[in-house]
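# Fold the following, please.
(chains A and B)
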Amino acid sequence: MNEQLQMLVALQDLDLMIREAKDPERANREEELGFPLDGVVKLERTRERLAKQLDERLLQMYERMSRRYARVVVPVEGSVCLGCFMGLPTAASHRRTSGTTVDNCENCGRILYRL
Amino acid sequence: MPTAPIAERKPATHLENHLRADLFIPELKAKKKLAVLEELTAHLAERKVTRHPEAVLEVLRQREALGSTGIGKGIAIPHGRSTMVAERAVLFARSSRGIDFEAADSLPVHLCFLIVAPPMEQDPIYLRLLADIVKSVRLARARQRLLEAPDFESVREILTASVARE
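Take a look at the predicted model:
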């Protein structure tokens, strides 16, 4: 997995954590169980730093798709995109990416990775 | 001949459903929080829960930045959702020496439950698992028995009984 894709994965995981920490119902439940959630600002700063390290084009692609999908970076299983569950052409499902290139599902546009 | 009534068995709890013998570390090698998280994620990779332990470790590190999962009384429950995990998993690990986990009560952690899950928005089982674990270690006696349990089957029995009692 190339470095940019690794950073996109980290960004997606961080975004979900921040969303959940800001969801009052979810946050209350965790706090009731004994888990303090007082570091949201710290996570938001980490997110800013991470976003600055990403290729600008990839970041824009991610941000644009985040408005549409809860999960932008999704796995390929066999030759199926697990975002839209559509089959991918064989060549696309085995392609390896390098540098700042990523693979997108030809059907839904989500960014793909191999688990 | 009349048949004896079938003994009623309570349905398995979420915790019981997720306990796995291969996800049990009887004695952790690491003594510090970050090193323990590394040891736990490496174990997940060995057991094929993830092929990207570094990504899972990053999630756990960020979760600790949000607030320590060392909830006191010698218990830590690090947890997080990672894009690099395909299925929910619970790993139970012990440290007889104790881990410096920056816990709420500053006491060393002896019992550590790691929960990892895929990044699904709607996953009520994830929170129920967390609640089951908190319940299972509420009593000092259960915590002591978990520390002394000789094998995974004993651990399973103690945890299952503790959740059912609560």
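# all strands of the chain, in order?
As the question left the chain open, I've gone with chain A. Assigned by DSSP state E, chain A shows strands spanning A:73-77, A:80-81, A:103-104, A:111-114.
# To clarify, I was referring to chain B.
Using DSSP E, strands in chain B cover B:24-25, B:70-72, B:75-76, B:79-81, B:89-99, B:109-117.
# sorry, back to before: select, out of the strands of chain A, the one closest to chain B.
Distance to chain B, taken as Cβ to the nearest Cβ, is lowest for strand A:73-77 among the strands of chain A, at 5.8 Å. Any C-beta I mention is one placed from the backbone N, CA and C, and that applies to glycine too.
# Which of the residues in that closest one are classified as buried?
Buried residues in strand A:73-77, counting neighbours by 16 or more other Cβ atoms under 10 Å in any protein chain shown, are found at A:73-76.
# re the thing from before, between the strands of chain B, which one is nearest to residue A:38?
When the strands of chain B are compared by Cβ to Cβ, strand B:70-72 sits nearest residue A:38, at 14.2 Å.
# In CSV, list the strands of chain B along with mean neighbour count.
Supplementary listing: the strands of chain B in CSV, determined by neighbours: other Cβ atoms under 10 Å in any protein chain shown:
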stretch, mean neighbour count
strand B:24-25, 18
strand B:70-72, 21
strand B:75-76, 26
strand B:79-81, 24
strand B:89-99, 19
strand B:109-117, 24
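# Using a markdown table, lay out those together with mean pLDDT.
Written out in a markdown table, the entries for the strands of chain B read as follows (pLDDT from 0 to 100):
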| stretch | mean pLDDT |
| --- | --- |
| strand B:24-25 | 98 |
| strand B:70-72 | 96 |
| strand B:75-76 | 98 |
| strand B:79-81 | 96 |
| strand B:89-99 | 97 |
| strand B:109-117 | 97 |
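# I'd like the ones you listed as a markdown table, with distance to chain A appended.
Supplementary listing: the strands of chain B in a markdown table, determined by distance: least, Cβ to the nearest Cβ, whole Å:
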| stretch | distance to chain A |
| --- | --- |
| strand B:24-25 | 22 |
| strand B:70-72 | 4 |
| strand B:75-76 | 9 |
| strand B:79-81 | 6 |
| strand B:89-99 | 14 |
| strand B:109-117 | 11 |
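# Distance to residue A:85 for those strands - can I get that in a markdown table?
A markdown table is the format used below for the strands of chain B (distance: least, Cβ to Cβ, whole Å):
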| stretch | distance to residue A:85 |
| --- | --- |
| strand B:24-25 | 35 |
| strand B:70-72 | 38 |
| strand B:75-76 | 37 |
| strand B:79-81 | 20 |
| strand B:89-99 | 23 |
| strand B:109-117 | 20 |
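# Kindly give the local confidence score, pLDDT, for residue 1.
The chain I'm using is chain A. Confidence per residue is given as pLDDT, and for residue A:1 that number is 72.
# try again with chain B
Model confidence at residue B:1, expressed as pLDDT, equals 49.
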